[in-house]
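Asks: Next come a sequence and a model predicted from it.
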Amino acid sequence: MNNTSLTHKMLITFLTAGDPSAECTAEYILEMERAGADLVEIGIPFSDPTGEEAVIQEANGRALKEGMTTQGIFQIVEKIRKKSQIPLALITYLNPVFHYGYDRFFQQCEKMGVDAVVISDLPFVEQEEVRTQADKYHVAVISTVAASSRDRIQEIASHAKGFIPLSLPVGAVHNTVRNGVKDIVDDIREVTNLPCVMGKISSMEEAKSMAEICDGIVVDSAIVEIIKEYGTQAGEKIYQYVKAMKDTISECEIEKMT
């Protein structure tokens, strides 16, 4: 994944691998790309996803019940790579990576075409061992930036690769939070031009509000909700939702140009 700045607003989407099936996961990723997604995050199902919203925890449970494994996810990526080169990032916890084996895991990422990995429970200060293996196989380890001191934000941003997800309260689009986001982005801009994207966006209002400040957005639980409701028939619904999100943030680009 190249460390370059964007010329348009970035839309990152998410789904849990194996929910409702491996075949649907591959199909839905291609639908997201068709709808305008710039990068897709694929969640590796985990038995104890404590940091996730309830709907994503439920998706983890359904995927594990269907027998999805880490190796199965690499097979999904391999299948996608026969049809698409859309950037892909795996979202996981440290435990599955550790048990798979750091070297083996990142070697498979490179072999199958995974561009980046987000390890949700791995603090920035403890990333060195994982980064060493990831760098060996040209896989970006993504670091999330939360509200913190300016020095801390810039330290994380200066070592970041790929893109920088921002983490703030869900549903917060009022002026105080908007100003806080702008301050964080301004601090990051002093040390890197990597895209800053706001995570956990679900509504068009949130998308527009955050896209006016950030380089893009991450949409996750809303897509998982669609999959929960429509199961194996979710493809067209996902396409429509992702396209609406893409159109919404693209309007911010048009407004800035006029």
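Replies: Alright, I've got the coordinates. Numbering: from 1, shown residues only.

Asks: what about the helices in this protein?
Replies: Taking DSSP state H as the test, the helices found in the chain are 22-35, 54-65, 70-81, 94-100, 102-112, 128-136, 150-158, 175-189, 204-211, 221-230, 235-257.

Asks: among those helices, which gets the worst mean confidence?
Replies: Ranked by mean pLDDT, these bottom out at helix 175-189, with a mean of 84.

Asks: I'd like to check the angle between that one and helix 150-158, please.
Replies: Interaxial angle of helix 175-189 relative to helix 150-158 (axes from the mean of the first three to the mean of the last three CA atoms, to 10 degrees): 60 degrees.

Asks: May I see the buried residues of helix 175-189?
Replies: By neighbour count on 16 or more other CB atoms under 10 Å, the buried set for helix 175-189 is 177-178, 180-181, 184-185, 187-188. All C-beta atoms are positioned from the backbone trio N, CA, C, and that covers glycine.

Asks: Out of those residues, the closest to I73 would be?
Replies: Closest approach to I73 among the buried residues of helix 175-189 (CB to CB): I188, at 30.2 Å.

Asks: Tell me, how many residues neighbour C24?
Replies: Number of residues near C24 (other CB atoms under 10 Å) recorded here: 23.

Asks: Excluding residues flanking it in the chain, which one is nearest it?
Replies: Computed as CB to CB, 6 or more residues apart in numbering, the closest residue to C24 that is not its neighbour in sequence is T232, at 5.7 Å.

Asks: Could I get the contacting residues of that neighbour?
Replies: By CB atoms under 8 Å, 6 or more residues apart in numbering, T232 lies in contact with 20-21, 24.

Asks: need the residues you listed in CSV with distance to D215, can you?
Replies: As requested, the contacts of T232 are exported to CSV (distance: CB to CB, whole Å):
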residue, distance to D215
P20, 32
S21, 33
C24, 30
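
Asks: Name the nearest of those relative to F98.
Replies: F98 has its nearest neighbour among the contacts of T232 in S21, at 26.9 Å by CB to CB.

Asks: for that closest one, what are its contacts?
Replies: Going by CB under 8 Å, 6+ apart, the list of residues near S21 reads 66, 232.

Asks: Next one: it relative to Y241, how far apart?
Replies: S21 sits 20 Å away from Y241, going by CB to CB, to the nearest Å.

Asks: Equivalent analysis for A211, please.
Replies: 16 Å.

Asks: more neighbours, the two?
Replies: Each of A211 and Y241 had its neighbours counted (other CB under 10 Å), and the higher figure belongs to A211 (25 against 22).

Asks: The residue lying closest to that one once chain neighbours are set aside: neighbour count?
Replies: Nearest residue to A211 in three dimensions, chain neighbours excluded: I249, at 4.0 Å (CB to CB, 6+ apart). By other CB under 10 Å, 25 other residues sit near I249.

Asks: my guess is I249 contacts G216, does it?
Replies: Yes: taking contacts as CB atoms under 8 Å, I249 lies within contact range of G216: 6.8 Å.

Asks: any common contacting residues for the two?
Replies: Contacts common to I249 and G216, judged by CB under 8 Å, 6+ apart, are 9, 11.

Asks: Could you give the bridge partners of V218?
Replies: I12 (DSSP bridges).

Asks: That one contacts G199, doesn't it?
Replies: Yes: the pair V218 / G199 is scored as a contact, 4.2 Å apart, by CB under 8 Å.

Asks: Quick check: neighbours shared by these two?
Replies: Overlap of the contact sets of V218 and G199 (by CB under 8 Å, 6+ apart) consists of P165.
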